[in-house]
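# Got a predicted structure plus its sequence, pasted below:
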Amino acid sequence: MAACVWSVRSVRVLSEIIHGHVLPAAAAVRHQAGTSRSLHGARAPAVSARHLKQLGVTSLRSLSQVSLSEEPDALYQKLSVRVKGHDRSVLDSFEFFASLAARELGLSLERAFEPRKHTEKLTLLKSVHIFKKHRVQYETRTHHRTIEISRVTGSSARVYLEYIQRNLPEGVAMEVTKTSVEEIPEHIQKPLWDEGKLEPCGQ
């Protein structure tokens, strides 16, 4: 229960940092003053050093090293997070945590579902050298969970993925698939035979 409360609290703190647009200098002032104000004028809870350490920020000096870039951010049409493991209850708990983190960060959670489990059976001799009729059968079951998020920016995807990867349970594998929208290359937009370089087939 304590771990669940800590996860919810850290997710909310991370959400306030992102949606409140906490800049490096402002973060240092807010930490020293003990209170902060959001863009709408409402008071927000101060971010303690313990919460920053839990979020992976070891010191406020690391926040001051954040650089702003005018380059356009990457856009992903869909972000698919697939985890697999042998313990179904662990995957249920992680699915709840990842869905809660996506909602607290304001991401568009499209769906979270459970694909069909993968079962593998292996039959071996009970004794290596004798009694060929006596055999034993081992069965492994691999459960899967898939979480899909639609219309997300590259910066939001990096923050979300880093946060859930830091809290990934032991014995659970994660696979991330990013689907981005790209412009059609110029050499594909216009056929080459329009420029007289190639002739269409059948002529």
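Looks like it arrived, so ask away.
# Just the C-alpha atoms of whichever strand or helix holds Thr179, please, in PDB.
Element membership for Thr179 (DSSP states H and E) is strand 173-180. The C-alpha coordinates for strand 173-180 follow below in PDB (Å, rounded to 0.1, in the frame of the first residue of the first chain):
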ATOM      1  CA  ALA A 173      10.500  -7.200 -20.300                       C
ATOM      2  CA  MET A 174       9.300  -4.000 -22.200                       C
ATOM      3  CA  GLU A 175       9.000  -3.300 -25.900                       C
ATOM      4  CA  VAL A 176       8.300   0.200 -27.200                       C
ATOM      5  CA  THR A 177       7.000   0.900 -30.700                       C
ATOM      6  CA  LYS A 178       6.700   4.500 -31.900                       C
ATOM      7  CA  THR A 179       4.600   5.300 -35.000                       C
ATOM      8  CA  SER A 180       5.500   8.800 -36.400                       C
END
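# For it, which strands pair with it and how are they oriented?
Its sheet considered, strand 173-180 pairs with strand 75-85 (antiparallel) by DSSP bridges.
# next structured bit after the partner strand?
helix 88-104.
# and that following helix, what's its mean pLDDT?
Helix 88-104 shows a mean pLDDT of 95.
# ok and it relative to strand 75-85, angle-wise?
Using axes from the mean of the first three to the mean of the last three CA atoms, to 10 degrees, the direction of helix 88-104 lies 160 degrees away from that of strand 75-85.
# And helix 88-104, what does it pack against?
With contacts defined as 3 or more CB pairs under 8 Å, 6 or more residues apart in numbering; DSSP states H and E, the packing partners of helix 88-104 are helix 2-19, strand 75-85, strand 108-113, strand 135-153, helix 154-166. Backbone N, C-alpha and C define where each C-beta goes, glycine included.
# for it, which positions count as buried?
Going by neighbour count (16 or more other CB atoms under 10 Å), the buried part of helix 88-104 is 90-91, 94-95, 97-102, 104.
# From Val83, how far out is Val90?
9 Å (CB to CB, to the nearest Å).
# got it, and Thr177?
Counting by CB to CB - Thr177 and Val83 are separated by 12 Å.
# Can you pick out the residue with more neighbours from these two?
Val83 (22 against 12; other CB atoms under 10 Å).
# Can you give me the first-to-last residue distance of stretch 71-91?
37 Å (CA to CA, to the nearest Å).
# Per the annotation, how does this structure divide into domains?
1-65, 72-182 (automatic domain parsing).
# The ones you listed: lowest mean pLDDT?
domain 1-65 - the lowest mean pLDDT of the domains of the chain, at a mean of 46.
# Now the closest residue to Glu139 other than its chain neighbours. Its backbone dihedrals?
Using CB to CB, 6 or more residues apart in numbering and skipping the chain neighbours, the partner closest in space to Glu139 is Lys121 (5.0 Å). Main-chain torsions, Lys121, degrees, to the nearest 10: phi -110, psi 140.
# Begin at 218 from now on, thanks
Happy to do that; since the first residue is 218 now, the last one works out to Lys338.
# rewinding a little: dump the helices and strands packed on helix 305-321 to TSV, plus distance to Glu399.
TSV is the format used below for the helices and strands packed on helix 305-321 (distance: least, CB to CB, whole Å):
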stretch	distance to Glu399
helix 219-236	26
strand 292-302	10
strand 325-330	20
strand 352-370	15
helix 371-383	13
